[in-house]
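Colleague: How does the following fold in three dimensions:
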Amino acid sequence: MKLLHVTIQTSKFEEEIKFYREFVGLNIQNDLRPMGKEIVFLADGEQETYIEIINNPEAFDAGNKYLSIGFKTQDVEAKREEFEKLGFKPTPIISPLPQVKFFFVKDPAGVNVQFM
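Modeller: Have a look, this model is predicted:
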C-alpha cells in the first residue's frame with residue numbers, strides 16, 4: 001500500500017496553488033478547472049504522492065497543530081531563510097537528533113508544512 005494524495009480543502013484556492021508551486025516547488029499534474037471543477041493536483045517530478053487542492057469557500061482554517069505535510073529539502077537553513085525573506089513566519093530549526101533538522105511554516109490554508 002502507498003499514500004496517493006493528501007487533500008486540502010480551502011477558501012484560499014489560488015494562494016494555496018501558488019504556495020505549493022512557487023515556494024515548495026511542486027508542479028501542476030492534473031488541473032480539473034477546464035472541466036468546471038475547482039480541483040488541482042500537484043506533485044514533484046517523481047509524481048508518487050500528490051497534493052490535491054479543492055476550492056471550498058466554506059472550508060475551515062486547517063491550522064491544526066497536529067497535522068503536517070513534510071518535504072525533503074537539500075538545505076534546511078537556506079530553505080528557512082528563503083521563507084523568512086518572503087514574509088512567512090517559519091519556526092526555529094528543530095534538531096531532536098544531531099543528524100535531524102527541520103522547521104515548519106504554515107501554508108495559506110493554515111496547514112503546517114515541514115521541511116527536513
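Colleague: CA atoms only for the helix or strand containing V113 - export them in PDB, please.
Modeller: V113 belongs to strand 112-115 when assigned by DSSP states H and E. Taking C-alpha atoms only, strand 112-115 is exported to PDB below (Å, rounded to 0.1, in the frame of the first residue of the first chain):
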ATOM      1  CA  ASN A 112       1.800  23.000   8.900                       C
ATOM      2  CA  VAL A 113       4.400  22.300   6.200                       C
ATOM      3  CA  GLN A 114       7.600  20.700   7.400                       C
ATOM      4  CA  PHE A 115      10.900  20.900   5.600                       C
END
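Colleague: if you average pLDDT over it, what comes out?
Modeller: Strand 112-115 comes out with an average pLDDT of 95.
Colleague: name the helices or strands packed onto it?
Modeller: If contacts are counted by 3 or more CB pairs under 8 Å, 6 or more residues apart in numbering; DSSP states H and E, strand 112-115 sits against strand 68-71, helix 76-85, strand 100-106. Just so you know, the C-beta spots here come from the backbone N, C-alpha and C atoms, and that holds for glycine as well.
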